[in-house]
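In: Got a predicted structure here, sequence first:
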Number of protein chains: 2
Amino acid sequence: MTPRRGAGPDAPTFTERARRQQLIDATVDLISTRGYPATSLSAIAERAGVSKAAVLYHFSSKDNLTRAALEQVMAQFREYVDACLVRADGPRAAIVAYVRAMIGYQQAHRRQVRVITEMLLDDDGGTRLKTPGSHDTHGRWQHLAELLTAGQQAGVLREFDVQTVALAIGGAIDGVIAHWLAHPELDLDAAAGELEEFTLNAIGRRA
Amino acid sequence: MTPRRGAGPDAPTFTERARRQQLIDATVDLISTRGYPATSLSAIAERAGVSKAAVLYHFSSKDNLTRAALEQVMAQFREYVDACLVRADGPRAAIVAYVRAMIGYQQAHRRQVRVITEMLLDDDGGTRLKTPGSHDTHGRWQHLAELLTAGQQAGVLREFDVQTVALAIGGAIDGVIAHWLAHPELDLDAAAGELEEFTLNAIGRRA
DNA sequence: GTCTATACAACGATAGAC
DNA sequence: GTCTATCGTTGTATAGAC
C-alpha cells in the first residue's frame, strides 16, 4: 500500500483527482459543444490524451462520468444562486432574487446550461425511465419550495400549494431558458423582468 | 408500372401504409415502456415480426421512424386540445380551457406523454444541438401564444409580452407534468386547479 | 415493391498483459 | 495505472431473392 495521508478509507490519489477533473472538463467541453449522443468515450479519451479504457478505469462507465460532470456543473450553479440569496432581506426579496439569479446565471453560462439540458433526462426531476438507483432528492425546485414555505410561514404571501407553485415557477424559468437556447435572439433581460412580474402575481402582490 | 389508382405522384401502397403504422405502434410501445435509448431497431423489428432491414426499408433511418412516431402522438394530442377549444366562448375561457385540456389529456395518456418527453430533445423547442434540418415552427407554445394575442386584442387581458407569458405558462405546465411523471403520487387534479389560478394571475384577473 | 441476408464501422464495456 | 485486444450490440449500407 502507498503511505496514506490520514484521510478516509479510500482517499483518492493526487494524480487520480487530477485525471478525474481533466476527464470531467473534457466531457463538459464536448457535451456542451456537440451534444450528449455525439460525446463518445473515444472522443473524451482522445481529448484527454489517454485511451478509452483508461477513461473507464477512473469512471466505471460512461453514465458514471457524465453524471459526475453534470453534478459538478450543478454544484457551481447552486453555489452562485446561494451566494445571491444571502444578500436578500426578507422572504419576498429572496424569492425574487432566486428567479433573477436563475436567469442571470444561465444567461452568463450558456455552456453549462447546455450540459444540464443535455443530461436533465437522467435526473430525478426528469422523465426518463432508465434511472436505476437515482438517489432522488425531492426535485430540482426544492430550494424554491423552501423559500416559498418560509415566505408563507412569515405570512407575507397569499395562500397556495407550495409544491405546485414551485413547480410552476420553476417550469416557467425552464420554458423561457429552453426557448432562449433555441432562439438566442430572444431578449432575455426583458423576459426576466416579465418573469419576475409573473412570480409576484403567483405568490400574491402584497403583504 | 403498376396500374395506378388515381392518387398523387407517390401514392403509398396498402401494405406500405399498414406496415408503417404497425412499426410506429411498436415504436411508441417500446419508447413509452423502455425509454428511447433502449428502443433499438432490432427490438422494434422483433416486435413487428420482421427483420431489421425491413424496418429500414419503410423508414430510411431510426431517426426517421422515431420522428414519425412522435409526430403521430403529437397530432392526436393537438386534435384533442383543438376539440376542447371550440367549446369555449370568449378569449379568457379559451385560455383556461387550453390549460385544462393540456393537463387533462396528459393525465389520461401517460403512455403518449412518455414518448413526447423521451423525444422532446429533437424538437424545435428543445435544446439539443444535433437537429440538422428541423423545420422549426415557432415552438410548442405558439398555439397558446395565439390565444393570448387574441385575448389581448379583444382587450380583456392586462398588458404583457405575449411570447414570454406563453413560454412561462407552457413551462409551468411542463414542470408540473414532469414532476407528476416522476412522482405519480402527486395530486394532479389539485395541481391543475392551482395552475389555472396561476394562469389567471398571469394574464390579469378581470376584464 | 417487399423483404432476408450479410457486412461494416463505431459504440460501451471487459479481461489481461505490462 | 495504463495499455492492447476483444466482445456483444448498435445504426446503417448494400446485394439480391421473390
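Out: That came through fine.
In: Could you use CA atoms for every contact and neighbour count after this?
Out: OK.
In: now A:Q106, what's its secondary structure?
Out: helix (DSSP: H, G, I helix; E, B strand; the rest coil).
In: Quick check: it touching A:V113?
Out: Yes: A:Q106 lies in contact with A:V113 (Cα atoms under 8 Å); the separation is 6.1 Å.
In: Report the contact partners of the residue nearest the centre of chain A.
Out: Centroid-nearest residue in chain A: A:M74, 3.4 Å away (criterion: Cα atoms, centre = their mean). A:M74 sits next to A:I116 when contact means Cα atoms under 8 Å, 6 or more residues apart in numbering or on different chains.
In: tell me which parts of chain A are close to DNA strand C?
Out: A:38-43, A:52-53, A:56, A:60-63 (Cα under 7 Å from any atom of the strand).
In: From chain B, how far off is the residue nearest to the centre of chain A?
Out: 17 Å (Cα to the nearest Cα, to the nearest Å).
In: Mind checking what secondary structure that residue has?
Out: helix.
In: Could you list the buried residues of stretch A:99-112?
Out: A:99-107, A:111-112 (16 or more other Cα atoms under 10 Å in any protein chain shown).
In: Among those, which pair sits farthest apart?
Out: A:V99 and A:R111 (19.6 Å; Cα to Cα).
In: what two of the residues of chain A next to DNA strand C have the greatest distance between them?
Out: A:A38 and A:S60 (19.4 Å).
In: show me where chain A has helices.
Out: A:14-34, A:41-48, A:52-58, A:62-86, A:91-108, A:110-119, A:142-153, A:162-182, A:188-203 (DSSP state H).
In: tally of neighbours for A:H143?
Out: 15 (other Cα atoms under 10 Å in any protein chain shown).
In: Look at it and report its pLDDT.
Out: Per-residue confidence at A:H143 stands at 97 (pLDDT).
In: And for A:A108?
Out: On the pLDDT scale, A:A108 gets 98.
In: now swap in A:L65 and tell me
Out: So A:L65 comes in at 98 (pLDDT).
In: wait, doesn't it sit right on A:Q72?
Out: No: contact criterion Cα under 8 Å: A:L65 and A:Q72 do not qualify, at 10.8 Å.
In: and chain A, which of its residues are near DNA strand D?
Out: Within chain A, the positions near DNA strand D by Cα under 7 Å from any atom of the strand are A:13, A:15-16, A:19, A:49-54, A:57-58.
In: winner for burial among the helices of chain A?
Out: Most buried of those by mean neighbour count (mean count of other Cα atoms under 10 Å in any protein chain shown) is helix A:162-182; its value is a mean of 24.
In: Check which helices and strands it sits against.
Out: Applying 3 or more Cα pairs under 8 Å, 6 or more residues apart in numbering or on different chains; DSSP states H and E, we find helix A:162-182 packed against helix A:91-108, helix A:142-153, helix A:188-203, helix B:162-182, helix B:188-203.
In: Return the angle between stretch directions for it and helix A:142-153.
Out: 130 degrees (axes from the mean of the first three to the mean of the last three Cα atoms, to 10 degrees).
In: now helix A:162-182: how far from the chain's centre is it?
Out: 13 Å (Cα atoms, centre = their mean, to the nearest Å).
In: shaky segments in chain A?
Out: For chain A, the stretches with pLDDT under 70 are A:1-11, A:121-138, A:207.
In: switch the cut-off to 90
Out: A:1-16, A:119-139, A:205-207 (pLDDT under 90).
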